[in-house]
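In: predicted model and sequence below, questions to follow.
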Amino acid sequence: DTAVSQTPKYLVTQMGNDKSIKCEQNLGHDTMYWYKQDSKKFLKIMFSYNNKELIINETVPNRFSPKSPDKAHLNLHINSLELGDSAVYFCASSLGHNTEAFFGQGTRLTVV
Amino acid sequence: GENVEQHPSTLSVQEGDSAVIKCTYSDSASNYFPWYKQELGKRPQLIIDIRSNVGEKKDQRIAVTLNKTAKHFSLHITETQPEDSAVYFCAASPSGNTGKLIFGQGTTLQVKP
């Protein structure tokens, strides 16, 4: 009965590969997000979706492509992985603006 | 642009002492200010939030104050315990109905027993 779940928890891959991270929420929220947490713990928003529609793309390289098949799911596909993509990626969801964001457990991506 | 500055980056206190973390934000239209706690290897979790129509909010040992004029808000933890040790993030929700949060850089709090 986890509220926001993402898989996998760990992902180790070589440069140049393509990988996906999946996220699902069972809270009935309309808005979902992807955040990136770098090695210095800094949390930065990447994307925001509302009811399957993209509403924020924070100047993320187009190698990153989110996909929302329905409002309970927001997946992140990354093409041509680079060393600098290594980070922890958090999925989150909320009812909407100015409400609590619930985070998934994070996916630690290591590009070697 | 939208920015949230958080200080200090690290804070070490003795068990039982108080801890204060301060944040400033740039977007004067921001009106929602949550605080998240992140334990090592875990997800960020909300501990308290405040909206711009309120100047102070308290929940047991945790309190948050907001000064909209100065664009400044603070987290106060009293009677700290070792389990309060974690990274704390302030955040602000900027103008625009997007739901996104702009986070501060984080404060690593260590409570020594």
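Out: Looks like it arrived, so ask away.

In: show me where chain B has helices.
Out: In chain B, no segments count as helices under DSSP state H.

In: report pLDDT for the closest residue to residue B:61 other than its chain neighbours.
Out: Using CB to CB, 6 or more residues apart in numbering or on different chains and skipping residues adjacent in sequence, the residue nearest residue B:61 is residue B:78, 4.9 Å away. Bear in mind the C-beta positions are built from the backbone N, C-alpha and C, glycine included. pLDDT, residue B:78: 98.

In: quick one: low-confidence residue ranges for chain A.
Out: Low-confidence segments of chain A (pLDDT under 70): A:1.

In: what parts of it come near chain B?
Out: A:31, A:33, A:40-45, A:48, A:50, A:55-56, A:58, A:90, A:94, A:96-101, A:103-106 (CB under 8 Å from any CB of the partner chain).

In: just the buried members of these?
Out: A:31, A:33, A:41, A:43, A:45, A:48, A:50, A:55-56, A:90, A:94, A:97-101, A:103-106 (16 or more other CB atoms under 10 Å in any protein chain shown).

In: sort out for me which of those are in helices.
Out: Counting by DSSP H, these contribute nothing to helices.

In: can you give me the strands for chain A?
Out: Applying DSSP state E to chain A gives strands spanning A:4-7, A:10-13, A:19-25, A:31-37, A:43-50, A:53-57, A:64-70, A:73-78, A:87-94, A:102-103, A:107-111.

In: what of chain B?
Out: Going by DSSP E, chain B shows strands at B:4-7, B:10-14, B:19-25, B:32-38, B:45-51, B:56-59, B:62-67, B:72-77, B:86-92, B:102-103, B:107-112.

In: so which of those strands is the most surrounded?
Out: Comparing the strands of chain B by mean neighbour count (mean count of other CB atoms under 10 Å in any protein chain shown), strand B:86-92 ranks first with a mean of 24.

In: picking that back up, relative to chain A, how far out is the residue nearest to residue B:61?
Out: Residue B:78 is 23 Å from chain A, where distance means CB to the nearest CB, to the nearest Å.

In: could you do residue B:3 as well?
Out: Going from residue B:3 to chain A by CB to the nearest CB gives 12 Å.

In: which parts of chain B sit against chain A?
Out: Contact residues, chain B versus chain A (CB under 8 Å from any CB): B:31-32, B:34, B:38, B:42-46, B:49, B:51, B:87, B:89, B:93, B:97-103, B:105-106.
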